[in-house]
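Asker: Here you go, sequence then predicted model.
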Amino acid sequence: MSGLDSVKSLLVLRKLTRAIADTARAQLTEYLNTLTPLLQPQGILGDYIQGAQKETTLKSDQAFSFSNLSLDITPLDYVHVAQTEGGPRKITVRSPLTWTLTYGSFAPNRLQEVLDQKLRGDELQRYILSYIILSVVLKYRPGVTQMLEGLHFPVTTTTSSEFGELPVTRIGIGISTVRPSDAVVVESAELTGMDAFEEVVNVDEIGRLPDPFKERLLDLAKRHAPEFV
């Protein structure tokens, strides 16, 4: 994608990116609010989410007391080491069209705070369980992920360097964002006075946004009536 060789052109693309991100986030939030009842832990784990055994301890009950949870999305941030004449420089980069999906109040920045405080008790256990439970619930609700993908919000499960092997659920809009050269990133950081940068949308991909259902129907048409396609 061209247009990333100067801060001036970057500003235009950033304005477009933020408009897309605001629209996508608002739409995604509406979808998630509607789907929240389907992604409650009790629907998959049943009584085990509260501790079915009467002899379970109070701490166990507290650790598994996940009920009536909302869903939250947090933009994906990562650290990029830009190479400059003065040496390497750490820049916090945001991918504005990719979000981490979590149960409410368990956002990744809060988990990072818990880890930084070296809390190893019930609080950390609750955060770890919330991420694991969400990945399990989504695994056993394939209809939800298929629906979101059909609405152009594909869901993936991955890991991150910050949280080791902990499953992290991500959701985006099927359009990538890009980071320009280190020179442009650093120049932008200098102008804002912060070691932060926001990726911009890959405009070329907007017109190629896939439609999974349309593609499935076309595939059926090609197999059953190729002479009409």
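Answerer: Great, that's in hand. Predicted model only: the values in this text are computed from it and were never measured.

Asker: Okay, strands next: where are they in this protein?
Answerer: For the chain, the strands defined by DSSP state E occupy 71-84, 87-103, 155-160, 164-172, 177-178, 196-198, 200-201.

Asker: I'd like those written out as a markdown table, with mean pLDDT added.
Answerer: Below are these laid out as a markdown table (pLDDT from 0 to 100):
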| stretch | mean pLDDT |
| --- | --- |
| strand 71-84 | 95 |
| strand 87-103 | 97 |
| strand 155-160 | 96 |
| strand 164-172 | 97 |
| strand 177-178 | 95 |
| strand 196-198 | 95 |
| strand 200-201 | 95 |
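
Asker: how far away is the residue nearest to residue 138 when sequence neighbours are not counted from residue 169?
Answerer: Closest residue to residue 138 apart from its sequence neighbours, by Cβ to Cβ, 6 or more residues apart in numbering: residue 145 at 6.0 Å. All C-beta atoms are positioned from the backbone trio N, CA, C, and that covers glycine. For residue 145, the distance to residue 169 equals 10 Å [Cβ to Cβ, to the nearest Å].

Asker: And for residue 80?
Answerer: On the measure of Cβ to Cβ, residue 80 and residue 169 end up 23 Å apart.

Asker: And for residue 36?
Answerer: 14 Å.

Asker: Same drill for those two, tell me which one is more crowded.
Answerer: residue 169 (21 against 15; other Cβ atoms under 10 Å).

Asker: What's the local residue count around residue 69?
Answerer: Close neighbours of residue 69, defined as other Cβ under 10 Å, add up to 19.

Asker: swap in residue 222?
Answerer: Neighbours of residue 222 under the rule other Cβ under 10 Å: 11.

Asker: What pLDDT does the model give the closest residue to it other than its chain neighbours?
Answerer: Once flanking residues are discounted, residue 222 sits nearest to residue 229: 5.2 Å by Cβ to Cβ, 6+ apart. Here, the pLDDT recorded for residue 229 equals 85.

Asker: swap in residue 3?
Answerer: In the prediction, the pLDDT value recorded for residue 3 is 60.

Asker: Next, show the common contact partners of residue 145 and residue 169.
Answerer: Common neighbours of residue 145 and residue 169, using Cβ atoms under 8 Å, 6 or more residues apart in numbering, are 138, 155.

Asker: sorry, back to before: quick one, what contacts the residue nearest to residue 222?
Answerer: Shown in contact with residue 229 (Cβ under 8 Å, 6+ apart): 218, 221, 222.

Asker: ok, now how distant is the second one from residue 210?
Answerer: Relative to residue 210, residue 221 is positioned 17 Å away (criterion: Cβ to Cβ).

Asker: Kindly state the beta-bridge partners for residue 170.
Answerer: residue 100, residue 156 (DSSP bridges).

Asker: residues near it, how many?
Answerer: 17.

Asker: again, but for residue 128
Answerer: Residue 128 is flanked by 17 other residues according to other Cβ under 10 Å.

Asker: these two touch, right, it and residue 165?
Answerer: No - assessed by Cβ atoms under 8 Å, residue 128 is found out of contact with residue 165, at 10.6 Å.

Asker: I appreciate the help and will end here.
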